[in-house]
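In: Return atomic coordinates for the entry below.
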Amino acid sequence: MDFRKNRLSFLVLLNLCIVLIVLNSYPLLFRPHFPFSLNLRELSSFLTESTPPEAAEAESDVLRFEESFDKSSTVQDVLLKYNFTPQEAQRLIDETRSVYNLNRVMAGNQFLIEFEDKEFRSLRYEISDEEFLTVRSENGSYVAEKGSYKFDTVVEEFYGRIERSLWNTLVSQGEDHRLVINLIDILRWDVPFTAIQPGDSFKLIVEKKYREGNFVKYGRIHAVEFRRGEKSYYAFLFEDPKTHKDFYYDENGNSVRKAFLKVPFHFNPRVTSRFSFSRYHPILHARRPHLGIDFGAPIGTPVLASASGTVVSAGWSGGFGRLVRIRHAGGVTTSYAHLSSIKVRVGQSVAQSDVIGRVGSTGLSTGPHLDYRVQDGRGRFVNPLVELKSLPAEAPLKTEYAEVFRRIRDRLTFRLAAIPEQQRFLNRVASAG
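Out: This next block holds a predicted model:
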């Protein structure tokens, strides 16, 4: 009998201890800084269930969720997911539109949404790697403001010797494709990047921007020397003292930017068919003129306007498939055929390097490529790889800035020369001055 009584007492005591442990742990469920892994059912329960007495006596509880927009999601989708009504979601968008249109969110951009005591407190959206938007609930209204991220800028100097390609050389030094594109954008008029050889080299002085210790983006390239065989190509950054716009000039003060791009791409693609007055057509099986250059490139590759101008046609054009034609200064016209998609409209003004479409294989085509053609001011088709070389560059450096540029050029030339031509993994951090 005593054994049974003692056993019963032990079980009662054990159950009491379990209850006390559970009750003591319960408020922790409402502590600030919830994990971001709550699923929708848990989130809905948090936002709708009544607050227990223990939580009511605690400090304000904050719940934060950080995600990124996928390709198909909108702000409305996100707000509905976090228990907004459709009307309230639309009101938030409408009341903040004057600061930023949240209907234009970009896939991949991050957002952080916060709730305090189960009520919406704020939304932070990353507009770009430089700007963010903050939306707060204040006195029953939604208030928005833009902010700018603060960066720590470091200037790095490094040397690279090409073994396979410029891309591989930079990536092997821990850089990424954005620097490759930036470098090509500066020297694309003079350096044939598809013809560079093992042993070619470069020296580079470039800004790198960090936020909270993490690399975010590249800043300006201050100077570059690209050595191809026995010849060196230079580009020096110069900021116009009046307009504060950046320009690049060679060692003689001539603009490195020419009137027309050598090729309408961010890179030098392979030539699959050259300009000819008699070429065998692979589909029509007959000899006929091919008054342009065919560049092979994957479907979807961005096609660039080779110079500033006005779009005179954009649409389907028989065997050329989707075609864009642009009229430039001096009556020169460029054509871009077999596009998979068109990004411009008739009458639109475009600047050099604007994306006007994407590579495709529409019309009479045996595979993805761009048929690029140029007509001179009299309407005659000319060979782009020959005739565009003779067109003038942008205006050279203004005479009044010659002495200022000379001092900048000499200082940067000295720094380029001081970069050791050692193993490709050597980077040097320099002052930002």
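In: which intervals of the stretch 1-150 of the chain have sub-threshold pLDDT?
Out: In the predicted model, the stretch 1-150 of the chain carries pLDDT under 70 at residues 1-60.
In: Okay, helices next: where are they in it?
Out: Residue ranges of the helices in the stretch 1-150 of the chain, as given by DSSP state H, counting those that start in this stretch, are 2-25, 40-48, 53-56, 75-81, 86-96.
In: Same question for the stretch 301-433 of the chain.
Out: 384-387, 402-418.
In: do the same with the stretch 151-300 of the chain
Out: For the stretch 151-300 of the chain, helices defined by DSSP H, counting those that start in this stretch occupy the ranges 166-172, 177-187.
In: Any chance you could list what contacts the first one?
Out: What it means is helix 166-172. Contacts of helix 166-172 with the rest of the structure, by CB atoms under 8 Å, 6 or more residues apart in numbering, involve 160-163, 176-177, 179-180, 183-184, 193, 196, 202, 424-425. Placement of C-beta: from N, CA and C, glycine included.
In: 10 Å instead, please
Out: Identification of contacts with helix 166-172 by CB atoms under 10 Å, 6 or more residues apart in numbering yields 158, 160-165, 175-181, 183-184, 191, 193, 196, 200-202, 204, 226, 267, 424-425.
In: Now do the buried residues in it.
Out: If you call a residue buried by 16 or more other CB atoms under 10 Å, then helix 166-172 has these buried ones: 166-167, 169-170.
In: got it, and the last one?
Out: Taking 16+ other CB under 10 Å as the basis for neighbour counts, the residues of helix 177-187 that come out buried are 179-180, 182-184, 186-187.
In: now, which of the residues you listed sits nearest Arg91?
Out: The nearest member of these to Arg91, counting by CB to CB, is Asn182 at 42.0 Å.
In: Can you get me the start-to-end distance on stretch 72-83?
Out: Stretch 72-83 has its terminal residues 19 Å apart, counting by CA to CA, to the nearest Å.
In: Then stretch 106-115?
Out: Taking CA to CA, the first and last residues of stretch 106-115 lie 23 Å apart.
In: partner residues bridging Thr310?
Out: Arg327, Ser349 (DSSP bridges).
In: so how far is Leu237 from Ser349?
Out: Distance, Ser349 to Leu237, using CB to CB, to the nearest Å: 27 Å.
In: again with Asn252
Out: Per CB to CB, Asn252 is found 16 Å from Leu237.
In: Identify the residue nearest the geometric centre of this structure.
Out: Arg178 (8.0 Å; CA atoms, centre = their mean).
In: circling back: would you format the buried residues of helix 166-172 as TSV with pLDDT included?
Out: Shown next, in TSV, are those (pLDDT from 0 to 100):
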residue	pLDDT
Leu166	83
Trp167	82
Thr169	85
Leu170	84
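In: Closest one to Asn383 out of these, please.
Out: Of all the buried residues of helix 166-172, Leu166 has the smallest distance to Asn383: 26.5 Å, by CB to CB.
In: Spatially, which residue comes closest to Pro198, not counting chain neighbours?
Out: Spatial nearest neighbour of Pro198, excluding adjacent residues (CB to CB, 6 or more residues apart in numbering): Glu163 at 5.4 Å.
In: and that neighbour, what pLDDT?
Out: pLDDT, Glu163: 84.
In: what about it, how many neighbours?
Out: 12 (other CB atoms under 10 Å).
In: Now Lys71. Nearest residue, chain neighbours left out?
Out: Of all residues not flanking Lys71 in the chain, Ala107 sits nearest, at 4.5 Å (CB to CB, 6+ apart).
In: again, but for Val206
Out: Leaving aside its sequence neighbours, Val206 sits nearest to Ile221 (CB to CB, 6+ apart; 4.8 Å).
In: re the thing from before, weakest of the helices of the stretch 151-300 of the chain in terms of mean pLDDT?
Out: The minimum mean pLDDT among these belongs to helix 166-172 (a mean of 83).
In: Confirm for me that Pro198 is in contact with Ser165.
Out: Yes. Using CB atoms under 10 Å, Pro198 is in contact with Ser165, at 9.4 Å.
In: So which bits of stretch 304-319 are buried?
Out: Buried residues in stretch 304-319 (16+ other CB under 10 Å): 304-309, 311, 314, 317.
In: Mind picking the two most distant members of the buried residues of helix 166-172?
Out: Trp167 and Thr169 (7.3 Å).
In: for this structure, longest strand please?
Out: Assignment by DSSP state E gives strand 214-228 as the longest strand of the chain.
In: Without its sequence neighbours, what residue ends up closest to Gly318?
Out: Of all residues not flanking Gly318 in the chain, Gly363 sits nearest, at 6.7 Å (CB to CB, 6+ apart).
In: could you list every residue that touches the one you found?
Out: With CB under 10 Å, 6+ apart, Gly363 has these contacts: 283, 316-323, 337-339, 371.
In: Just send those back as a markdown table, with pLDDT and distance to Glu67 too.
Out: Converted to a markdown table, the contacts of Gly363 look like this (pLDDT from 0 to 100; distance: CB to CB, whole Å):
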| residue | pLDDT | distance to Glu67 |
| --- | --- | --- |
| Ile283 | 63 | 49 |
| Trp316 | 94 | 40 |
| Ser317 | 91 | 44 |
| Gly318 | 88 | 47 |
| Gly319 | 87 | 47 |
| Phe320 | 90 | 44 |
| Gly321 | 93 | 40 |
| Arg322 | 95 | 36 |
| Leu323 | 95 | 41 |
| Ala337 | 93 | 42 |
| His338 | 93 | 39 |
| Leu339 | 95 | 35 |
| Asp371 | 92 | 43 |
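In: what about Glu131, neighbour count?
Out: So Glu131, with other CB under 10 Å, has 13 neighbours.
In: cool, Val344 as well?
Out: 19.
In: go on, His244?
Out: The number of residues packed near His244 is 7, by other CB under 10 Å.
In: shouldn't Pro368 be in contact with Val303?
Out: No. In this structure, Pro368 is not within contact of Val303 by CB under 10 Å, at 11.5 Å.
In: Out of the contacts of helix 166-172, which end up buried?
Out: 158, 160, 162, 175, 179-180, 183-184, 191, 193, 196, 200-202, 204, 226, 424.
In: one step back: quick one: the residue nearest to Pro198 from Glu421, how far?
Out: Between Glu163 and Glu421 the distance is 14 Å, computed by CB to CB.
In: Read off the pLDDT value for Arg188.
Out: 80.
In: Likewise for Gly292?
Out: We have a pLDDT of 87 for Gly292.
In: OK, contacts around it?
Out: When contacts are counted by CB under 10 Å, 6+ apart, Gly292 is found next to 273-276, 320, 334-337, 370-375, 381-384.
In: Just give the closest residue to it, not the sequence neighbours.
Out: Arg373 (3.5 Å).
In: and the one you found, how many residues sit next to it?
Out: Counted with other CB under 10 Å, Arg373 comes out at 21.
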